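Student: need a structure here:
(5 chains)
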Amino acid sequence: MIIRDKSNWWRLLFVWHGSVLPQILPRLGVLFGLSVGVVLLHGQVLHYKVPLTAAPFTLFGVTLAIFLGFYNNASYDRFWEGRKLWGALLNTTRSLARQALTLGAYPQPTEASVHFVRLLIAFTYTLKHQLRHTDAAPDLARLLPAPLAQAVQAATYQPLRLLLEMGRWVQQARENAQLDTTTQLAFDHNFNQLSDIVGGCERLAGTPIPYTYSVILHRTVYLYCFLLPFGLVDSLGWLTPLIVVFVGYTFMALDAIMRELEEPFGLGANSLALNAMSYMIETTLLELAGESLPAQPLRPGRYLFD
Amino acid sequence: MIIRDKSNWWRLLFVWHGSVLPQILPRLGVLFGLSVGVVLLHGQVLHYKVPLTAAPFTLFGVTLAIFLGFYNNASYDRFWEGRKLWGALLNTTRSLARQALTLGAYPQPTEASVHFVRLLIAFTYTLKHQLRHTDAAPDLARLLPAPLAQAVQAATYQPLRLLLEMGRWVQQARENAQLDTTTQLAFDHNFNQLSDIVGGCERLAGTPIPYTYSVILHRTVYLYCFLLPFGLVDSLGWLTPLIVVFVGYTFMALDAIMRELEEPFGLGANSLALNAMSYMIETTLLELAGESLPAQPLRPGRYLFD
Amino acid sequence: MIIRDKSNWWRLLFVWHGSVLPQILPRLGVLFGLSVGVVLLHGQVLHYKVPLTAAPFTLFGVTLAIFLGFYNNASYDRFWEGRKLWGALLNTTRSLARQALTLGAYPQPTEASVHFVRLLIAFTYTLKHQLRHTDAAPDLARLLPAPLAQAVQAATYQPLRLLLEMGRWVQQARENAQLDTTTQLAFDHNFNQLSDIVGGCERLAGTPIPYTYSVILHRTVYLYCFLLPFGLVDSLGWLTPLIVVFVGYTFMALDAIMRELEEPFGLGANSLALNAMSYMIETTLLELAGESLPAQPLRPGRYLFD
Amino acid sequence: MIIRDKSNWWRLLFVWHGSVLPQILPRLGVLFGLSVGVVLLHGQVLHYKVPLTAAPFTLFGVTLAIFLGFYNNASYDRFWEGRKLWGALLNTTRSLARQALTLGAYPQPTEASVHFVRLLIAFTYTLKHQLRHTDAAPDLARLLPAPLAQAVQAATYQPLRLLLEMGRWVQQARENAQLDTTTQLAFDHNFNQLSDIVGGCERLAGTPIPYTYSVILHRTVYLYCFLLPFGLVDSLGWLTPLIVVFVGYTFMALDAIMRELEEPFGLGANSLALNAMSYMIETTLLELAGESLPAQPLRPGRYLFD
Amino acid sequence: MIIRDKSNWWRLLFVWHGSVLPQILPRLGVLFGLSVGVVLLHGQVLHYKVPLTAAPFTLFGVTLAIFLGFYNNASYDRFWEGRKLWGALLNTTRSLARQALTLGAYPQPTEASVHFVRLLIAFTYTLKHQLRHTDAAPDLARLLPAPLAQAVQAATYQPLRLLLEMGRWVQQARENAQLDTTTQLAFDHNFNQLSDIVGGCERLAGTPIPYTYSVILHRTVYLYCFLLPFGLVDSLGWLTPLIVVFVGYTFMALDAIMRELEEPFGLGANSLALNAMSYMIETTLLELAGESLPAQPLRPGRYLFD
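Tutor: Purely as a prediction, here's the structure:
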């Protein structure tokens, strides 16, 4: 939820953002305790002053800026590419439904075209289940005739199996002379798109940002934060814990959110809302086919995908 | 409006930019008051000197640079992508109108092709209304025959319903032997584009930049600004309020404009001019169809979309 | 002109770049005078020392880096996108000319295909005139038969009107059985591209970078420059004016060139050479059609588009 | 492997990342030894104090930030583009297999379509062998009839030779009236894509980032690291070796990983898993064709491509 | 050449990179001499101490970072876009050769298809000669029949002339009933691509990065380097020349390489290897057509395009 009420700018300073804060709060507590200890001991460890000033933190700053800037952009790009792929899935399934309803010889939705639309919906759900490693069986049973549902369930690459089924549906329609070859290729063009979308999602899910980046970034952030009180205590005195915890908060929150965005198909609070998006695709396709909508219809609103 | 008169570079220093200044002026006032207070008290709170120097602000600077740089780019990219989508809407509706007028067998615009052009215009308006959550009924009544207007109004996804209607129009023309299958697919290709545009707009409207970024950035900016007078008072003396307010002005104005650009389909002063763009699409399509233009015609000028 | 002669690297230090220097020279003069005054008065104003050191400029530096980096990239992207659009215009008109000459049934250029090529050239010129708000009438009269020239001149969206005319040309050729439907669609595909190019140019011309960015950047740059002598006079002494003017020169020149690149279809020295590009498109299309070239033929050379 | 267990954030600080650490550990040892020496000698070399402070490192920082930022982005972009190309290879071969199975007149996989699928698999393996300079003969012998395997083996550009073979397969099918010309072109469209993928891989493999960047970056990183102890010993004392080694670790690890990502088709630990990807393409295509899978089937899981 | 041998990391520190070093070595010598002079005179000019410290260099650093970062990215993008265009040229000519060999009615290469392949090769060479302003006549004479070679040589836009010839070749084949209209359009699609490639190369060659950027960057880099010894001599003493020359080396080398990458079709050591790439296109096309390869065949290896 974005607070857009302009008079509330100061409220935004105290809002609780539940997806990240609970995760990093314990670490901030440790950091606060350390800072207080450093202040009370005047930066001494075992009666020996730690000779740290603000200077080396400027050097660290260069490394941190490079790492954080890169990792943040790479994570957000992955998140946004995942979102674009599911947006393309919505667009392409809508286009295919429209094609099934208008390119053939029948002006009204028929049983066959409704079956085709259900194939598209099942395709969406199997992709979701593949990406989240969950079981597609309930959705398949709900949407497809039993023999087909079992055949798809038995496949290793379920969305691909359904794509093949759609191809056969069009092939059948051509052989029944409801479509000609040229029209078949218009479907085929969009099947290529669906194939690209499946492959794109598999790419994002299967190839994370190289692990070494993650480790180095994590280490730099935490070492920076836990050395900071020693470096600031001489100049900031009793203010040290407050400043250190705030700097630590920004770095740790950034580190945490990047880890979530990096895997857009995961289950974190900032991952993509695949359930809501699958449901939306189902409703929009059913509406096109003139079928009754499921129980709780969704309007495409601003915060649908939060 | 961009002041391009070269002799006016110093005038630009004092211009009033109404979209952002009124919003942040009260906050700048608070900041100015605080700075004056800090100067008068020589940086003391309750007769206790706040031990803040310029050093920690360099550390803050790293965080701020990363956050502001990222958020600013992400916001502007969203704004520009929204603009591109509406630009593509203009291009594609123009192409479809041209196709309706030249691909068939009739050299002059007919009643049927004018109806098709009105479908395109209605499509544009329903997309605008969906994105702004306003009621499309008046525009539908103006552009479409009553039964169709009601059917569209009843749909959850109105632009998609109109896209289906366009598909049926082409299907009808093919059955009347005014088009052949190949030509139908040239229309279909552009219908796919319109489907992509609708989905792209829904994606931008429905998936904001993750909320955590927004909160952390907001907090960092304001904490930075309100700690600044304590850090600068020792070195800058009576100049502190001026410098602090100017630094605060740049940060707060950036924070404010980013919040507007982030939602390109909103109603802020820097959001996209969807009304003007819809109207322009209407006039350009009507001109192509040889229909009379609405009352106040627009020329495609430099500041049309301001 | 790029000086590539390697022995000349030191000459590049003293070259006069006419597009930007004359614009900012007066401002640099003011800055130099101010700096000299500050040195002579040892940083005092009304016998009161301005308490400014180099420290706050580091803070300003963060803001400046973000603003300049962003604005510079955004401006250059606009410039380069404008260039790409006109490059695409060249490519697509060439492709359409080739199609008109090879897809039909006639192996040699006919009167009809030369007319089509003239439509393409007129399309290019009307787009140029629309973007620069100049009158297309002379070019239309030169290229088109009088009735068509008048009809185009009367249109609000002249390039679109010509695109419709090209569509009708192909429609006519199909009805004369010189082309079949499939070939008509190959033309139509490139007409869609031309429609995208027109819309892309209108988008760049009609939607500048939000004004607030421009104002804040301008203010930050100039305030930074005019405060700089006060901050440097203590450490640099008599060297202050030289350093300040050089720093001011880089910032002001960047500010000035960004303002030019931002509007690639304008008339500044760094705007796109629309005249030269239109002329090149004319010559390359006429050569393809086997027509005699205009008076002074251009070779596609390195500095054509400077 | 990404450790996502939230309670483990401190474990990530001590994890061993095998792909980079063994490579840079000896250099870190040298750096540690040097730093200890510098501390023991109080920064003196031959009883002469090296006059280095932290100041010049800030200047170095600018260069380093530019170089590292650029090189890191360029390397990661190459890695990700390589990954995208192999993702596109997966998508396109799947699409072609679906086309071979559904566009023709036969509803069940035939011997001919299985042969076509084997051509696709052989294409994938020859591309992998070309990129890694290994011998494709075993894979060709396994997948293709002997005469064809020998003909491909004899070719300089093996994937291209197979693409030509696929083209002939479709040509044959058309002459047997199993496909018409329009359908042939749907295959041809995807052959163009495969041609683009081969060329894209050759481009990445054949054109590294210009060598000069690599040399300058390497020198800057190591000179920076080995001068650092002299610059920090005065302010950090006995803490110098720890801080220097940590800073050196981040820079050297970044330098090392960039060198691996830069060549995505190499054999480093962070290069692309071409073997796993080839095998996955084989299984997914065989499943589509209804053929039995090879011995150890792979599920498309999260860590497939690590 | 990239040295990947891991044990050689220290050798990379002393490697000679011939493309840039000879160019900047004299300037580094001047810089070294100046620095030694500054050290010997203790920073005095005419017995007057130059009041320069390290502080203003931090301010310069901001400007430098912005300019270098931008210019470097822009140059490298131009280099990489040029490389992509030539990669696309390879892909598209291969695709067209495959089309000529498989889309028609003849299963074996005929004289006509070999002529078409020679047209493609001649197209490649004329593009190379146009970009480098060299004479295409020898290559044309080698590849084409004499009358055609003369006609092409006489044209202003030679690659376009050859593209028209290819269009006529396909037109001829259609009239001989070896191809149908649909197939003709598959060729035409790739002709559009070739047209885009020619235009893209002309765009890169004809529109350099605006000159003002180049001048300001050059000045900033050299002024920075030549002021540096005065700013560092107080803190670094006899170490000044070494540090200054190293900083100067990184900046000047970056400045030099950027100037080369900026013009990817030039003749510098870091420009694109257009000769090698043209030759590779020739061999790969001849192999596809079953023609004998030229004298020294090239394998597509790692360092082909260095």
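Student: what mean pLDDT does stretch A:254-271 have?
Tutor: Throughout stretch A:254-271, pLDDT has a mean value of 86.
Student: try stretch A:164-175
Tutor: For stretch A:164-175, the per-residue pLDDT values average out at 91.
Student: ok, stretch A:181-192 near chain D or not?
Tutor: Yes. Judged by CB under 8 Å from any CB of the partner chain, stretch A:181-192 comes into contact with chain D through A:181-182, A:184-185, A:188-189, A:191-192. C-betas here are computed from N, CA, C, even on glycine.
Student: Of the residues you listed, which is the nearest to A:Leu41?
Tutor: The shortest separation between A:Leu41 and any of the residues of stretch A:181-192 next to chain D is 66.8 Å, and it belongs to A:Asn192 (by CB to CB).
Student: Hmm, D:Asn190 and the closest one touching each other?
Tutor: Yes. A:Asn192 sits in contact with D:Asn190 when judged by CB atoms under 8 Å, with a separation of 7.2 Å.
Student: Narrow the residues of stretch A:181-192 next to chain D to those in helices?
Tutor: A:181-182, A:184-185, A:188-189, A:191-192 (DSSP state H).
Student: Show me which of those residues is closest to chain E.
Tutor: Of all these, the one sitting nearest chain E is A:Thr182; the distance, using CB to the nearest CB, is 9.1 Å.
Student: ok, that closest one touching D:Thr183?
Tutor: No. No contact is recorded between A:Thr182 and D:Thr183 when judged using CB under 8 Å, the distance being 9.3 Å.
Student: Compile the residues of stretch A:181-192 next to chain D into CSV and extend it with columns for neighbour count, pLDDT and distance to E:Leu160.
Tutor: Supplementary listing: the residues of stretch A:181-192 next to chain D in CSV, determined by neighbours: other CB atoms under 10 Å in any protein chain shown; pLDDT from 0 to 100; distance: CB to CB, whole Å:
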residue, neighbour count, pLDDT, distance to E:Leu160
A:Thr181, 16, 86, 35
A:Thr182, 18, 86, 32
A:Gln184, 21, 89, 36
A:Leu185, 20, 89, 31
A:Asp188, 24, 92, 33
A:His189, 20, 93, 30
A:Phe191, 22, 95, 36
A:Asn192, 23, 94, 32
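Student: what sits in contact with each of A:Asn192 and D:Asn190?
Tutor: Here A:Asn192 and D:Asn190 have D:92, D:95 as joint contacts, going by CB atoms under 8 Å, 6 or more residues apart in numbering or on different chains.
Student: Look up how far B:Phe187 lies from the closest residue to chain B within the stretch 1-150 of chain A.
Tutor: Of the stretch 1-150 of chain A, the residue with the smallest distance to chain B, taken as CB to the nearest CB, is A:Thr102 at 3.3 Å. Using CB to CB, to the nearest Å, one obtains 10 Å as the distance from A:Thr102 to B:Phe187.
Student: residues bridging contact with those two, i.e. touching both?
Tutor: Listed contacts common to A:Thr102 and B:Phe187 are B:167, B:170; contacts here mean CB under 8 Å, 6+ apart.
Student: Which pLDDT value goes with the residue of the stretch 1-150 of chain A closest to chain B?
Tutor: According to the predicted model, the pLDDT of A:Thr102 comes to 86.
Student: Now it: closest residue in space, sequence neighbours ignored.
Tutor: With sequence-adjacent residues excluded and distances taken as CB to CB, 6 or more residues apart in numbering or on different chains, A:Thr102 is closest to B:Gly167, at 3.3 Å.
Student: neighbours around A:Ala112, how many?
Tutor: Around A:Ala112 there are 16 other residues, counting by other CB atoms under 10 Å in any protein chain shown.
Student: wait, it sits on A:Ala173?
Tutor: Yes. Assessed by CB under 8 Å, A:Ala112 is found in contact with A:Ala173 at 7.3 Å.
Student: Pull the residues that contact the helix or strand that contains A:Gln153.
Tutor: Counting by DSSP states H and E, the element that carries A:Gln153 is helix A:146-154. Surrounding helix A:146-154, the residues in contact under the criterion CB under 8 Å, 6+ apart are A:122, A:126, A:136-137, A:140-141, A:143-144, A:158, A:161-162, A:165.
Student: same thing with stretch A:89-98?
Tutor: Stretch A:89-98 is touched from outside by A:116-117, A:120-121, A:123-124, A:127, A:166, A:187, A:190-191, A:193-194, A:197, A:277, A:280-281, A:284-285, A:288-289, B:160, B:163-164, B:167, B:191-192, B:195-196, B:198-200, B:202, with contacts defined as CB under 8 Å, 6+ apart.
Student: quick one: the helix or strand containing A:Arg78 to chain centroid distance?
Tutor: Counting by DSSP H and E, the secondary-structure element that holds A:Arg78 is helix A:55-102. Relative to the mean C-alpha coordinate of its chain, helix A:55-102 is positioned 8 Å out (CA atoms, centre = their mean, to the nearest Å).
Student: check contacts around A:Leu227.
Tutor: With contact taken as CB under 8 Å, 6+ apart, A:Leu227 is in contact with A:52, A:57.
Student: Quick check on it: phi, psi?
Tutor: The main-chain torsion angles of A:Leu227 are listed as degrees, to the nearest 10 and equal phi -90, psi -20.
Student: Surely A:Phe79 is in contact with A:Pro264?
Tutor: Yes. A contact is recorded between A:Phe79 and A:Pro264 when judged using CB under 8 Å, the distance being 4.6 Å.
Student: Give me the nearest residue to the residue of the stretch 151-300 of chain A found nearest chain C, chain neighbours excluded.
Tutor: Each residue of the stretch 151-300 of chain A has a distance to chain C, by CB to the nearest CB, and the smallest belongs to A:Thr182, at 9.1 Å. Setting aside the residues directly before and after it, A:Thr182 is nearest to B:Thr181 in space (CB to CB, 6+ apart), at 5.0 Å.
Student: list the contacts for the closest residue to A:Asp139 other than its chain neighbours?
Tutor: In space, not counting the residues next to it along the chain, A:Asp139 is nearest to A:Tyr125; the distance is 4.0 Å by CB to CB, 6+ apart. Shown here is A:Tyr125, whose contacts under the criterion CB under 8 Å, 6+ apart are A:136, A:139-140, A:143, A:278.
Student: what's around the nearest residue to A:Tyr213 once chain neighbours are set aside, how many residues?
Tutor: Excluding its sequence neighbours, the residue lying closest to A:Tyr213 (CB to CB, 6+ apart) is A:Tyr71, at 6.1 Å. A total of 22 residues lie near A:Tyr71 under the criterion other CB under 10 Å.
Student: gap between A:Tyr71 and D:Gly87?
Tutor: With distances defined as CB to CB, the gap from A:Tyr71 to D:Gly87 amounts to 22 Å.
Student: thinking again about what came up before, would you mind putting the CA coordinates of the one helix or strand the residue nearest to A:Asp139 maps to into PDB?
Tutor: Following DSSP H and E, one finds A:Tyr125 within helix A:111-132. Listed next in PDB are the C-alpha coordinates belonging to helix A:111-132 (Å, rounded to 0.1, in the frame of the first residue of the first chain):
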ATOM      1  CA  GLU A 111     -18.000 -26.100 -26.300                       C
ATOM      2  CA  ALA A 112     -14.800 -26.600 -28.200                       C
ATOM      3  CA  SER A 113     -13.700 -23.000 -27.700                       C
ATOM      4  CA  VAL A 114     -14.500 -23.200 -24.000                       C
ATOM      5  CA  HIS A 115     -12.400 -26.300 -23.800                       C
ATOM      6  CA  PHE A 116      -9.500 -24.400 -25.400                       C
ATOM      7  CA  VAL A 117      -9.900 -21.500 -22.900                       C
ATOM      8  CA  ARG A 118      -9.800 -24.100 -20.100                       C
ATOM      9  CA  LEU A 119      -6.500 -25.400 -21.600                       C
ATOM     10  CA  LEU A 120      -5.100 -21.900 -21.300                       C
ATOM     11  CA  ILE A 121      -6.200 -21.600 -17.700                       C
ATOM     12  CA  ALA A 122      -4.700 -25.000 -16.900                       C
ATOM     13  CA  PHE A 123      -1.500 -23.900 -18.600                       C
ATOM     14  CA  THR A 124      -1.300 -20.900 -16.300                       C
ATOM     15  CA  TYR A 125      -1.800 -23.000 -13.200                       C
ATOM     16  CA  THR A 126       0.700 -25.600 -14.100                       C
ATOM     17  CA  LEU A 127       3.300 -22.900 -14.700                       C
ATOM     18  CA  LYS A 128       2.600 -21.500 -11.300                       C
ATOM     19  CA  HIS A 129       2.900 -24.900  -9.700                       C
ATOM     20  CA  GLN A 130       6.100 -25.700 -11.500                       C
ATOM     21  CA  LEU A 131       7.700 -22.500 -10.400                       C
ATOM     22  CA  ARG A 132       6.600 -23.000  -6.700                       C
END
